[in-house]
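# the following comprises the amino acid sequence and a computationally predicted model.
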Amino acid sequence: MKKLAVAVAAVFAATAHTGSAFAQEKAIRITGFGAKSGVVRSFGINSEAAMLAAADVINKQGGVKLADGSKAKIVVDFLDDRCNAEEGISVLRRIYGTDAVVAVGPTCSNVAEPLFGILQKKVDDKGDSGLQMPVFTDVAIKVGLARISEWAFRNVPNETTMYSSLFYWLKTKYPNAQTVFGGVEEDFAHSRASWYVVMKDRAEANGYKVLGNSKWLLNDTNFATQVREMKNANADIVAISAHPFTTCGVLKEMQRQGVKPKVLVGLTSSSSLETLQGCAKQAEGMIIPTSFAPVTKEGKAAAASTAKFKGAADLHSMAAWENMFILKQVIESERISGDKSQLQADRRKIRDGLAKLRETKGLMGVTKRTEDREADKPYLFVQATKGEWKVLHNPL
Amino acid sequence: MHKLNLAYAAASIGAAYAGLLILQLAAGAPPWAVFLCAFLGGGIIGWLVYVTCFHFIPLSNPLAPLMSTVGMLLLIDEIIVHVTAGMPQNYPAMFDDVMLRVGEFTLRGDLLLVAGVSVVCMIALLALLYRTRLGLATRAVSQQAVAAQLCGIRVAQVNAMTFVITGVVGGIAGALIGASVGALSPLLTTPLTVKGLIVTVIGGLGSIPGAIIAGLLVGAFENVFQQFRGVTERDLYVMLLLFAFLIFRPSGLFKP
Amino acid sequence: MDFYYGLAQTVGIHTLIGLSAYVVLLTGQVTMAQAAFFAIGAYAAGMLTVLAGWPIVPALGAGAVCGAATACAVGFPALRVKGLMLVVATLAFGEGVRLFFFNFDYQVAKGEIKMGPLGGEGFRQIRYFQEHGWSTGEVMLFIWVFVGLAMAVLWWFDRSRYGAVLRAVGEDELAAQSVGVNLTAVKVSAMTVGGAVAGIGGGLYAHYTTHIEHANFNIMLATFAIAYPIVGGLKNVFGTLAAVIFVQAFLIEGLRFLGDWRNLLFGALIVAAMNLRPQGFLGGRRA
């Protein structure tokens, strides 16, 4: 009898234990997507690593609190869209069909634009059959995309603000520099917009005379003509709006032709390892505004965690890290149910929560959020110094 | 038509990447060792392309080898992207700091090396084709495969050798491109494929001197139009040049 | 369910571009220009619905007409070249059209924003389907109506004398000519039909992705266009459909669980498919 009682008690204890374990296994799924193929593969790898690292930290701290007070852990998936518009749309529809409450991505601006286009433009517009899924972008940086849909949110640096500040600061630091000449990668959405809409505009607004610009294409390898134009213009500042591969090509040609401007300015995305690996010597002295450098305690910790998941910490992947923590905050403040039967309501709550945010906590400090769902991130200027991106000036 | 290989540019760049493998084994290897490794890599990749795309597919399906080479092109590109995570790889160069100044003009030393090596290559290929038994066999097979077989020439072996040799030449090209650009990236493949095809057609199918001269012609045209009409319209004019040749001189500069 | 409808939409549109290449391949012409006609249809239909407010079906029709007209114009000079030279010529034409759209600006102010193609930035906000409340399922059915039509027309060609003439030209031009077949009419008409089908496909593509730019219509798309009929086999239109399902549904979406290996397998499986079934899934011309 005693043995039976003990056995029954043991079984009860076991089931009670598994019962509470079941209650603890609630999960909120956040699915990232981006480019893990082609020349932009490293972006996808880094974003995925940052998301996994952030989820790991959140889960170790107990997870997120749901509406009913219970705790849930964050589960992260990552899908490859190969930087292709059709595949990006297919991936988002696939994510919509799972129990993911929000999607984080994409990497490529040329995917973001069509992707945001298929989302419902205005919430509660019954006549609009666009997809109703919140998308929180970490990397795609082409100016002005979140305006396309009220379900689209971005946590990318505002290039207009950064370059405005940069040119203003350059005016004070290099008062002899009066003229600017640009170099543009014409056939890539981001770099093209960044020159014409951002750099040129902001340089002129700060009193510089823009002498002109030379153009090249994304996979060009010969820049003799363009650099000769640069040489003839003989501007004090040369601003290169291009990605690392062609940036390095142009810089090497500038070295060959002996073009040495007073100041060299680069594109935000080029403040990465790729540029230094390709042409550290020629890029020496290049100044780029960026929204991440491991200077704060949180930034260094995030970089270390991401490295554990085999990713590098740069302004793009650290945006993904920040997104995870912002989403944790929104999940808790909007009281997400975590209940599969309330999935669409949860997604709407996350959208509304993101829309309500006026500021978020970033790795560099407080980030303001704008009316058109973009971010105004704190930034600093880094300079390529002896093969590393060293912080040159922190405007805050 | 049944021997159209669209994977040649990818094989060429792949061979250049293969050349970098020697740096994994011997960190301080000199540039010529890397180049040599690229040539060998090119030969091996050429042979692989032959085996996977041309050896087993019967001649009655002329389009299948073409599609198979497209598959190889995608495969080689993906292997490169996987191994390097898509990041450009620095390539050792020779004479990259040599600049010859002739009055107002400058000539890049490394590009002169490229030109020099191309000429040597052309002479070597012509010698191979016209002065060796292998060359004789190759020409025989390309003209009349059945008759060549009747004469005792082993067609499969000759075809394989042709692909190996062109693979080596492709490896040389890839290594030289890597050296003159200073870095290798998967971005290089597509423009090379397109321009290579255009140059082949303008030069005349099967003509080796035609290929060199057409290459120079297309390169000159590109730069001239880039100067006058800008980079966004540059390639349009190269296309127009091609169309002009197709209309007025369809067999190309030199008949083979 | 939305995902499957979306996948079916993609399969439908790719089948259209595959069919446009199929009809031209039947005559023995390897064309890399189908992406160009696709692009022309896309920009034309997009501009008509967005800038001129046309309803979708006439806009698609106009896209088809533009595609067909361009194809007809290309068909005549294409007669002069064969084999590799035709491949290169059509590839160059395709690139030329892409570069044209790279440089093409046509913006019209609608309210405070300017809409329309803007060169390198592309043509955004082609939101006819969303603005008119079409669900994903409805768009899918709409696309498949056109796919069905195209397949039916091409199937009927195959069963009729026209199809036999097309294949005869493809098999042996000299023999066909000696029997009295007008080579010019056959080849150019095949090109034109291909151009029309590609134009419709392009128009649908523009509306289902809502944003098009020159880079969408590159050599890869042109290569895929001929890959579908070759991998599927030229026996009949279902071969192309089978190949599109193989590539889009199986290779691209189905193999996602393989993670990174998916891309490596993509090229490898195409090589394998061509070695194992060189005449295509459904077989070649010899039925």
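Structure received.

# for chain C, what are the nearby residues on the stretch 101-250 of chain B?
B:190, B:193-194, B:197-198, B:200-201, B:205, B:232-233, B:235-236, B:238-240, B:242-243, B:246-247, B:250 (C-beta under 8 Å from any C-beta of the partner chain). C-beta coordinates here come from the backbone N, C-alpha and C atoms, glycine included.

# out of those residues, which end up buried?
Buried subset of these (neighbour count, 16 or more other C-beta atoms under 10 Å in any protein chain shown): B:190, B:193-194, B:197-198, B:200-201, B:205, B:232, B:235-236, B:238-239, B:242, B:246.

# report the outermost residue of chain C with respect to its centre.
Computed with C-alpha atoms, centre = their mean, the residue of chain C farthest from its C-alpha average is residue C:112, at 35.2 Å.

# list the contacts for that residue?
Remark: with contacts taken as C-beta atoms under 8 Å, 6 or more residues apart in numbering or on different chains, residue C:112 is in contact with nothing.

# which single residue in chain A comes nearest to chain C?
residue A:117 (3.0 Å; C-beta to the nearest C-beta).

# need the nearest residue in space to that residue, chain neighbours excluded.
residue C:210 (3.0 Å; C-beta to C-beta, 6 or more residues apart in numbering or on different chains).

# how near is that neighbour to residue B:195?
33 Å (C-beta to C-beta, to the nearest Å).

# what's the neighbour count on the residue of chain A closest to chain C?
24 (other C-beta atoms under 10 Å in any protein chain shown).

# again with residue A:285
By other C-beta under 10 Å, neighbour count at residue A:285 equals 14.

# bridged to the nearest residue to it once chain neighbours are set aside, which residues?
Among residues not flanking residue A:285 along the chain, residue A:264 sits closest, at 5.7 Å (C-beta to C-beta, 6+ apart). Beta-bridge pairing of residue A:264 under DSSP bridges involves residue A:238, residue A:286.

# of residue C:210 and residue B:195, who's got more company?
Set side by side, residue C:210 and residue B:195 show more neighbours around residue C:210, with 26 against 17, by other C-beta under 10 Å.

# wait, that one sits on residue A:112?
No. Residue C:210 lies out of contact with residue A:112 (C-beta atoms under 8 Å); the separation is 11.7 Å.

# what about the stretch 151-256 of chain B, any weak spots by pLDDT?
Confidence mapping of the stretch 151-256 of chain B against pLDDT under 70 gives the ranges B:256.

# repeat that for chain C.
C:285-287.

# also chain A?
For chain A, the ranges with pLDDT under 70 are A:1-24.

# near chain C, which residues of it are found?
Residues of chain A lying near chain C (C-beta under 8 Å from any C-beta): A:36-37, A:79-80, A:82, A:85-87, A:89-90, A:93-94, A:96-97, A:110, A:113-114, A:117-118, A:120-121, A:126-131, A:148, A:186-189, A:192-193.

# show only the entries of the residues you listed found in helices.
Here DSSP state H is the test, and the residues of chain A next to chain C give A:85-87, A:89-90, A:93-94, A:96, A:110, A:113-114, A:117, A:189, A:192-193 as lying in helices.

# which of the residues you listed sits closest to residue C:50?
residue A:117 (11.6 Å; C-beta to C-beta).

# who touches the closest one in this structure?
Here residue A:117 is in contact with A:148, A:149, C:124, C:125, C:126, C:127, C:130, C:209, C:210, C:211 (C-beta under 8 Å, 6+ apart).

# which SSE is the fourth one in?
Looking back up the chat, that one is residue C:125. Counting by DSSP states H and E, no helix or strand carries residue C:125.

# right, and it touches residue C:50 too?
Yes. The criterion here is C-beta under 8 Å, and residue C:125 meets it with residue C:50 at 6.8 Å.

# who touches both of these two?
With C-beta under 8 Å, 6+ apart, residue C:125 and residue C:50 have common neighbours residue C:115.

# these two: which has the busier surroundings?
residue C:50 (24 against 19).

# what's the spacing between that one and chain B?
24 Å (C-beta to the nearest C-beta, to the nearest Å).

# I'd say that residue and residue C:114 touch.
No. Applying C-beta under 8 Å as the test, residue C:50 and residue C:114 come out as separate, 11.3 Å apart.

# which SS state does residue A:136 fall under?
strand (DSSP: H, G, I helix; E, B strand; the rest coil).

# tell me the buried residues in stretch A:296-309?
A:298, A:299, A:302, A:303, A:305, A:306, A:309.

# in a helix, residue B:252, correct?
No. Residue B:252 is assigned coil when assessed by three-state DSSP, not a helix.

# how many other residues sit next to the residue nearest to it when sequence neighbours are not counted?
Distances taken as C-beta to C-beta, 6+ apart put residue B:204 closest to residue B:252, at 2.8 Å, once the chain neighbours are dropped. A count of nearby residues for residue B:204, using other C-beta under 10 Å, gives 22.

# what's near enough to touch the residue nearest the centre of chain B?
What sits nearest the mean C-alpha location of chain B, by C-alpha atoms, centre = their mean, is residue B:170, with 4.1 Å. By C-beta under 8 Å, 6+ apart, the contact set of residue B:170 is B:8, B:9, B:11, B:12, B:15, B:42, B:45, B:46.

# and it, that one's in a strand?
No. Secondary structure of residue B:170 (three-state DSSP): helix, not part of a strand.

# what sits against the closest residue to it other than its chain neighbours?
Nearest non-adjacent residue to residue B:170, counting by C-beta to C-beta, 6+ apart: residue B:12, 3.8 Å away. Each residue near residue B:12 by C-beta under 8 Å, 6+ apart is listed here: B:42, B:170, B:171, B:173, B:174, B:177, B:192.

# C-terminal to the helix or strand harbouring residue B:12, what's the next element?
Residue B:12 is part of helix B:8-25, with elements assigned from DSSP H and E. Helices and strands here follow DSSP H and E; after helix B:8-25, the next one along the chain is helix B:31-50.

# distance from the chain centre to that following helix, please.
12 Å (C-alpha atoms, centre = their mean, to the nearest Å).

# now do stretch A:151-159
8 Å.

# same check on stretch B:134-149?
The chain centroid and the centroid of stretch B:134-149 are separated by 23 Å under C-alpha atoms, centre = their mean.

# let me know the closest of the buried ones among the residues of the stretch 101-250 of chain B next to chain C to chain A.
Nearest to chain A among these, with distances taken as C-beta to the nearest C-beta, is residue B:232, at 5.7 Å.

# which ones are touching the closest residue to residue B:229 other than its chain neighbours?
Computed as C-beta to C-beta, 6+ apart, the closest residue to residue B:229 that is not its neighbour in sequence is residue B:237, at 6.8 Å. Residue B:237 is in contact with B:221, B:222, B:225, B:229, counting by C-beta under 8 Å, 6+ apart.

# what's the neighbour count on the last one?
Meaning residue B:229. The number of residues near residue B:229, taken as other C-beta under 10 Å, comes to 12.

# so how far is residue B:221 from it?
For residue B:229 relative to residue B:221 (C-beta to C-beta), the value is 11 Å.

# from residue C:100, how far off is residue B:233?
Residue B:233 is 9 Å from residue C:100, by C-beta to C-beta.

# give me the neighbour count for residue C:65.
Using other C-beta under 10 Å: residue C:65 sits among 16 other residues.

# so is the helix or strand hosting it next to chain B?
According to DSSP H and E, residue C:65 maps onto helix C:56-78. Yes. Contact of helix C:56-78 with chain B (C-beta under 8 Å from any C-beta) involves residue C:77.

# okay but residue A:127 is in contact with residue C:129, surely?
No. Using C-beta under 8 Å as the test, residue A:127 is too far from residue C:129 to be in contact (11.8 Å).

# list the buried ones in stretch A:262-275?
Buried residues in stretch A:262-275 (16+ other C-beta under 10 Å): A:263, A:264, A:265, A:266, A:267, A:268, A:269, A:270, A:271, A:272, A:274, A:275.
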